[in-house]
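Trainee: Sequence first, predicted model second:
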Amino acid sequence: MAVTAGDIACDPDDPAFNAAEGSGKQCRMASTADLIGRIAPNAVLALGDNQYTDGAAWKFDQSYARTWGRFRSITRPVPGNHEYLTRRASGHFAYFGARAGSPARGYYSFELGAWHVVALNSNCGVTGGCRTDSVQLRWLRADLAGNRNRCVLAFWHAPLFSSGAAGGDVRTRIFWETLYAAGADVVLNGHEHDYERLAPQAPDGRLDGRRGIREFVVGTGGRSLLALRDPLLSTEARDNNTFGVLKLTLSPTGYDWQFLPTAGSFTDAGSGTCH
């Protein structure tokens, strides 16, 4: 079982920090961490912007470490754009160590039960670009070619498809094209401070119930919640009023999902089958 969210820990200098407990509708990383503790997962996937505002090492120590840091030994992170406001995201890589991949890359893969999981770095400017001939994409194609598991999950920070405040990041379309060609099943993203589940779709946004990838945007880890735009054709569920985490129960042939809120009534649940 895995739990995931991004956009997590407030800057200790944030007026709403309140000794890492938060205030009002801000800085609720302690509440989401408590929720993870009650779930007791095997793995935590941290979807980037894990430590605001700039991912400095001392801020990780005073904010993330006091909340989500309880699960560092089972956490697999990717960096967000805020981590790179500190040179080379050095605070992120120092805090998570080898579990974050090489500091020169920030992308890696691992096995989670019967699933093959790929962590990618959507900060294209620091990874040599997000192009077909880039180092990261050459690595991704080779990694997927060597996979022998039926089920594949990928996660990175900035989503391709989103009805959130920022909208999608078209630079990550090449990730989708590569994953789609390899028959991947699930993509997880953060960046947008909301929750959104999208129907399985092709890299160009066409609904594709046979080979499409299902995307979850889970930017509800605690920092803040932001406005939504009009829903996409593929939007199946969304909410921007609720902090929480997504629980994924992964089987050899499929997955169950459940969004669990820290407070309030919004939730979302269902299941899918691997290609």
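Mentor: Alright, I've got the coordinates. The structure presented is a predicted model; accordingly, all values stated were derived computationally and were not measured.
Trainee: how far away is Leu225 from Cys274?
Mentor: Distance, Leu225 to Cys274, by Cβ to Cβ, to the nearest Å: 32 Å. Where C-beta positions appear, they are placed from N, C-alpha and C, glycine not excepted.
Trainee: In the chain, mark out all the helices, start to finish.
Mentor: 29-39, 57-59, 90-96, 135-145, 173-181 (DSSP state H).
Trainee: Reformat these as TSV; add mean pLDDT, mean neighbour count and distance to Ala263.
Mentor: TSV is the format used below for those (pLDDT from 0 to 100; neighbours: other Cβ atoms under 10 Å; distance: least, Cβ to Cβ, whole Å):
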stretch	mean pLDDT	mean neighbour count	distance to Ala263
helix 29-39	98	19	7
helix 57-59	98	16	25
helix 90-96	98	21	28
helix 135-145	97	16	38
helix 173-181	98	19	34
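Trainee: Tabulate those helices (CSV), appending distance to Cys151.
Mentor: Shown next, in CSV, are the helices of the chain (distance: least, Cβ to Cβ, whole Å):
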stretch, distance to Cys151
helix 29-39, 21
helix 57-59, 35
helix 90-96, 25
helix 135-145, 13
helix 173-181, 12
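Trainee: roughly how far apart are the nearest residue to Cys274 once chain neighbours are set aside and His116?
Mentor: With Cβ to Cβ, 6 or more residues apart in numbering as the criterion, Cys274 has its nearest non-adjacent residue at 3.9 Å, and that residue is Cys151. For Cys151, the distance to His116 equals 7 Å [Cβ to Cβ].
Trainee: any low-confidence regions in the stretch 101-250 of the chain?
Mentor: Along the stretch 101-250 of the chain, no part satisfies pLDDT under 70.
Trainee: What segments of it are strands?
Mentor: All strands of the stretch 101-250 of the chain, identified by DSSP state E, counting those that start in this stretch, fall at 108-112, 115-119, 151-155, 186-189, 195-201, 213-218, 235-239, 244-250.
Trainee: Looking at those strands, spot the one closest to Gly101.
Mentor: strand 108-112 (3.6 Å; Cβ to Cβ).
Trainee: Next, give phi and psi for the residue nearest in space to the middle of the chain.
Mentor: Nearest to the mean C-alpha position of the chain, by Cα atoms, centre = their mean, lies Leu47 at 2.7 Å. Main-chain torsions, Leu47, degrees, to the nearest 10: phi -90, psi 20.
Trainee: nearest residue to Arg223 other than its sequence neighbours?
Mentor: Asp7 (4.8 Å).
Trainee: gap between the one you found and Arg150?
Mentor: Going from Asp7 to Arg150 by Cβ to Cβ gives 31 Å.
Trainee: ok, back up a step: which one of the helices of the chain lies nearest to Ser265?
Mentor: Closest approach to Ser265 among these (Cβ to Cβ): helix 29-39, 15.0 Å.
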